[in-house]
Every structure is written in structure tokens, then in C-alpha cells.
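J.: Return a 3D structure for these sequence lines:
(chains A and B)
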2 protein chains.
Amino acid sequence: MTKGEQTKDHILERSAALFNRFGYNATSFGDIMADTGLEKGGIYNHFASKEALMLEAFEYAVERLNGRYSAALEGERDAVGRLNAVLAVFEATITDPPIRGGCPLLNAATESDDALPTLRSRVRRAINGWLTTIVGIVERGQLEGQLKRDVDASSTASVIFSALEGAVMLSRLYRDPAHIRSVVAFLKTYLQSLKQTAQS
Amino acid sequence: MTKGEQTKDHILERSAALFNRFGYNATSFGDIMADTGLEKGGIYNHFASKEALMLEAFEYAVERLNGRYSAALEGERDAVGRLNAVLAVFEATITDPPIRGGCPLLNAATESDDALPTLRSRVRRAINGWLTTIVGIVERGQLEGQLKRDVDASSTASVIFSALEGAVMLSRLYRDPAHIRSVVAFLKTYLQSLKQTAQS
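T.: Residues are numbered from 1 along each chain as shown, chains lettered A, B, ... in the order given. Alright, predicted model coming up:
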């Protein structure tokens, strides 16, 4: 990385954590200057506006989260194994957050649903990526005879993703991993129930 | 209500919706003045600070949400009926929000988990109230022989509440009630599976 790229990466890393912890609207340019140790001009060299920085910082945080999925997928060859990899990624946002402040999707979604329309469209795309991934795993599992044919892939994706994000919210609020653990244990049992059985 | 009480109620109603839609930190005193049509002094007559207003507005929003539960409970005499009333309250936050901006618990929880410690303790208390309610319904249902004895009340509360709030997040983000509907349908089936059966 060039020096300029290093500075840009430093700004993204620090501001992504500030936005994720304190909110996109509530984090000021001054907060980012203080946290990065850079002057206004040093930030504007890399980002045209606070909005541009906000959107890039969100994408940076999402890439951190999504990158974990590829790692968790390794060696998983069937649908239940792949879905368990999804559970592992979200469970880890509590014990070892990809970025300080918990799940960047949850935080940006609740903040942007009524405000920040440009951020909202990025959040929609990012979460849609996760929902589509889950739908794809379920449909492939059905085609390959691993999952029951009557499972509705789209509802299953809503259920899994909702339960995980709601549990992240609870575990973050109470600083207590019990909620995410209960939900992950529940979802694991649920995933077993989706399996195609020999006689079905 | 006296004139003073009416003004206070007006401020709470308007500011609760602003906080719920745009965030507690991001909503300024100026935004509240503009939205209520009151001068600064007219608001300070009733609330000592923005923080005091923020906390009272949160409680106001929570009371609106919680009040719906008593209504939904009416006539429900067994555990599954009571738990279905919980589902109905959260499903309605999409189609007919108790306060503009969706579920006040979800919004305040994600905003306050890293910031706003005084708000966070109110949110913890409010959500704890819901979790305790669900635990109580399950335990009473077990005592009364309606629900299986091996159901873990505390995990069940985490699962139900997490799935509902995560689905509220998705349905608000996409302006699409499909997510909450899928999750409520799923939870209804799950609740049936908790029922004590004649032979068990």
C-alpha cells in the first residue's frame, strides 16, 4: 500500500467503528478528525464529503463481516453445514466483532430506515446479499436432495436472518452472549428439522 | 388535562416520533422546536434538558407499545394464546406502528448500546419487561399443563423476541411486511410444537 492508501484505510477503519458505535448521523467530522488524528484537509483528500466517507465506511465494515463468511464456509459441503457457517458469522459479532460496535448491518439498518436514504440503499443491497445467499443455499440443498422440498427458501432466509440480528441486538444491549447462544442453538435444531430424511 | 398537561403531551408525542425515526442523538432541540411549533422556553417549562425529554419520550413510546399488549391479551386464556398476543403486537408495529418510525425498543436498543448510557438503562428495563413477560407465560403454561415441561422458558423468550425484532428491522428497511409475516407464521408453528400433548 502507498502512504496515501494507508491513510485512506486508516480513516475508513477508524470512522467505520465510530459510525457503527455512535451512529452515522451522530458522528461528526470533528469526531473523525479527533479519532484519526488528521486535519480536515487530510480527510477531504480522500473523501469528497462526510456522506462519501459514510458510504465507503459502511462498505468497509460490510466487507469485514462478509469476509468472515468465506472463512467460515471452508470445508462445508452440504446445505446444513453452509447454513451453520452463517450462524457462526453472526454469533461471532458478539464475542469478536468484525468492527467495534457490533453488526454493521443491524446498526445501519435501524438508523437508515427513516433517514439517510443513500445509506439505506447500500444497507438494502448488503442485507439482500445475505438473504440471497441463504435462499441459494436452501435451494441448492433441495436440488441436491439434502433438504426437504417443501421448505420455503425465502421464508427460511427471513427467519434465520431475523432471529440472528434480533439476538445480536439483545446480546449487545445486555453485554450478555446468552441471547445469541440460545438463538444459535435453536436455529441449529431447526436446521436439522429441514433435512431430507430417507423416507420423506 | 390542563393546558400545561396538553402541551407536555404534545411535546412528548412529537418528540417521541422524531427520536424514533431519526435517532435520539441526531434529533436536535431545534428539530423539536420546529416540529412542535414551540419556543425553547415552552419546552424547557416541561423538561429540564434534552436528556430529560429524551428519557420521557422513550417511556412515552414504550407505554404506547406496551398498552397494545393488554388489548391483544383480551380473552386469551392459555399460554399459546398469550404468546400469540405478543406476536400480534410486534407484527402491528409494521402495519400500524404505535409511534412513527417502527419499534421504539429496537431503535433505542441499537442506538444506545454503545452510547447514551442513561437511555440504555431504560431500554434494558423495557426489554427486560418483555422478556420477563414471555418467561412468565411459558412457566405458567407449564404449571397449568399446557406447555411441555422440558421447554426452557428463558431461551424461548430470547428466540421469540429476537426473531420478532429482527423481522421488524427487515420489514422496516425494505418497507415490506413479508419478513414479519414469515417470522410470525414460523413462530406460530413453533408455539404449537411447545404444546403439551396428551401422551407426553
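
J.: For the lengthiest helix in chain A, give the mean pLDDT please.
T.: The longest helix of chain A (DSSP state H) is helix A:117-143. Mean pLDDT, helix A:117-143: 98.

J.: List the buried residues in that helix.
T.: Within helix A:117-143, the residues that qualify as buried are A:119-120, A:122-124, A:126-127, A:130-131, A:133-135, A:137-139, A:141-142, counting by 16 or more other CB atoms under 10 Å in any protein chain shown. Placement of C-beta: from N, CA and C, glycine included.

J.: A:Thr95: neighbour count?
T.: Neighbourhood size, A:Thr95 [other CB atoms under 10 Å in any protein chain shown]: 10.

J.: hey, where'd the helices end up in chain A?
T.: All helices of chain A, identified by DSSP H, fall at A:3-22, A:29-36, A:40-44, A:50-73, A:79-95, A:104-112, A:117-143, A:153-174, A:178-194.

J.: what number of residues lie near the closest residue to A:Met1 other than its chain neighbours?
T.: Spatial nearest neighbour of A:Met1, excluding adjacent residues (CB to CB, 6 or more residues apart in numbering or on different chains): A:Asp9 at 6.8 Å. For A:Asp9, the neighbour count with other CB under 10 Å is 13.

J.: Tell me the confidence at A:Asp9?
T.: For A:Asp9, the model assigns a pLDDT of 96.

J.: quick one: it from A:Arg64, how far?
T.: Here A:Asp9 is placed at a distance of 12 Å from A:Arg64 (CB to CB, to the nearest Å).

J.: and what of A:Ser171?
T.: 19 Å.

J.: So between these two, which is more surrounded?
T.: For the pair A:Ser171 and A:Arg64, the greater number of neighbours falls to A:Ser171 (25 against 15), based on other CB under 10 Å.

J.: what's near enough to touch the more buried one?
T.: A:94, A:177-180 (CB atoms under 8 Å, 6 or more residues apart in numbering or on different chains).

J.: List the residues that contact A:Gly166.
T.: Counting by CB under 8 Å, 6+ apart, A:Gly166 makes contact with A:183, B:161-167, B:169.

J.: can you do 10 Å?
T.: A:106, A:179-180, A:183, B:106, B:109, B:158-170, B:183 (CB atoms under 10 Å, 6 or more residues apart in numbering or on different chains).
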